[in-house]
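Peer 1: Could you look at this predicted model? Sequence included:
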Amino acid sequence: MTKNLPKLIVSVGIPLLVGFLGSLFTTPSIKTWYAGINKPAFNPPNWIFGPVWTILFILMGIALYLVWTKKKKGKIGAYFLFGTQLFFNLLWSYLFFKIHSPILALVDIVVLWYLILQIIIAFKKINKTAGNLLIPYLLWISFASILNFFVWKLN
């Protein structure tokens, strides 16, 4: 395990870095723009998002680590999907919180949802546990998609 510790640190660090970058777009808007928009009744309290996202980014990183350390060919496509979904994840924060566009964020999150589903499939072919670790992420993005839709409709 200790010989793979650098891979684990990098694997978990990459999604956490994306999460941190996303927070640079998000945090300034929480008490200003986001506080002033209409939200559905099922909108969770603001404090829940940080812990949920931290857990999800850690699970993503562990999944990436399991794929990276599995001796199997044909992982390039899975890595590409993983990187692409991280980009769309970050882009969502920019679209929603930085430029205040729930409709563009909604388009983005639909693409993100599809990419996560594809990553789950790709990762499961390499390591079943890795794919399963991404299921909570897909469920959260499903909920976030509905939330994003209602924010768009209400505003």
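Peer 2: Cool, got the structure.

Peer 1: and the closest residue to residue 135 other than its chain neighbours, what element?
Peer 2: Nearest residue to residue 135 in three dimensions, chain neighbours excluded: residue 120, at 6.7 Å (Cβ to Cβ, 6 or more residues apart in numbering). C-beta: built from backbone N, CA, C; applies to glycine. Assigned by DSSP states H and E, residue 120 falls within helix 102-126.

Peer 1: Pull out the buried residues from the helix or strand following that helix.
Peer 2: Going down the chain from helix 102-126, the next helix or strand is helix 128-133, by DSSP H and E. Across helix 128-133, burial judged by 16 or more other Cβ atoms under 10 Å covers 130, 131, 133.

Peer 1: quick one: low-confidence parts of this structure?
Peer 2: In the predicted model, the chain carries pLDDT under 70 at residues 1-2.

Peer 1: Can you tell me the SS state at the residue minimising distance to the centre of the chain?
Peer 2: Centroid-nearest residue in the chain, with Cα atoms, centre = their mean: residue 89, separated by 4.9 Å. Under DSSP: H, G, I helix; E, B strand; the rest coil, the three-state class of residue 89 is helix.

Peer 1: ok, now residue 73?
Peer 2: coil.

Peer 1: Check the gap between it and residue 121 for me.
Peer 2: For residue 73, the distance to residue 121 equals 17 Å [Cβ to Cβ, to the nearest Å].
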